[in-house]
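Trainee: Sequence below, structure please.
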Amino acid sequence: MNNFQRTQQQFMAHIRDPINHEAPDGIEDRRMAIYRDLFFNNIEGFISSGFPVLKSLYSQEQWIALVRLFFKNHHCESPYFLHIAQEFLDFLSQSYQPTDNDPPYLLELAHYEWVELALSIEDEDLTEKQLQENNIAKEPLCLSHLAWNLSYQYPVQFISEDNSNPDIVEQGNYIVVYRDEQDEIQFIAINVMTALLLQIIEQEPGLLLEQVVSRVHHQVAHLSFEVILQGAQTIINDLGARKIIVTR
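Mentor: I've put the predicted structure just below:
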């Protein structure tokens, strides 16, 4: 390792963790302070923008400490805004040890906010077409790439600074988060049967209605095929109108 590489490593180690790593020789602390603040403030700004509800649940001191721990211990592979948000989520789920300051739904809320962010900047897929209500039995069915079929223990979509102590949803919190035609992020609550139907369509895109119903019937055999078909038609018409279920 040459002197330049060694200085570079010392510089980045100090930027990440100035308490435990000294600055390279020959750089005055006033200049290093500018770099320390610049790097950290950029990262903190990205994360605060991506996780505004999560941030609101902490004091400023607690939030800065959490982000600084991420900045110190997690090596980001990309400077891109969405990738930094993904890296923060990875940090929380893989290496972070929760403390008494953290809500019990920390990971679920962070994931929900990341999904909202990811959907907000996703490119439109021009091959996706809206279902025609009178033709859903003949159209190959797909889950729009602008819709995510999700389930959580907590009602993350309702959590806020003023509603920070929700109970676990005993039957499961099933929701679809999607981007509407005005490019606004929306969600709708669904039941477990709709979640199963969407899961099948997502896993096997291009199935026809009767094929989807047959797979649902295989998993919930206590219901007749006809009952499931009738319910599926109503659900697919509703979700098709929202462009959650589409065709290609």
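
Trainee: Can you show me the strands along the chain?
Mentor: 129-130, 142-143, 147-152, 173-179, 185-189, 245-247 (DSSP state E).

Trainee: out of those, nearest to residue 56?
Mentor: Nearest of the strands of the chain to residue 56, taken as CB to CB: strand 185-189 at 17.5 Å. Using the backbone N, CA and C atoms, a C-beta is placed for each residue, glycine as well.

Trainee: which residues touch that closest one?
Mentor: 116, 119-120, 157, 173-180, 242, 244 (CB atoms under 8 Å, 6 or more residues apart in numbering).

Trainee: out of these, which are buried?
Mentor: Buried members of the contacts of strand 185-189, counted by 16 or more other CB atoms under 10 Å: 116, 119, 157, 173, 174, 175, 176, 177, 178, 179, 242, 244.

Trainee: These: which two are farthest apart?
Mentor: So, these by CB to CB: farthest apart are 173 and 179, at 20.1 Å.

Trainee: Surely residue 147 is in contact with residue 176?
Mentor: Yes: using CB atoms under 8 Å, residue 147 is in contact with residue 176, at 5.7 Å.

Trainee: what residues do the two have in common as contacts?
Mentor: Common neighbours of residue 147 and residue 176, counting by CB under 8 Å, 6+ apart, are residue 244.

Trainee: Dump the contacts of strand 185-189 to TSV, plus pLDDT and distance to residue 107.
Mentor: Output for the contacts of strand 185-189, formatted as TSV (pLDDT from 0 to 100; distance: CB to CB, whole Å):
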residue	pLDDT	distance to residue 107
116	97	15
119	97	19
120	95	20
157	97	15
173	98	14
174	98	18
175	98	16
176	98	20
177	98	16
178	98	22
179	98	23
180	96	27
242	96	28
244	98	25
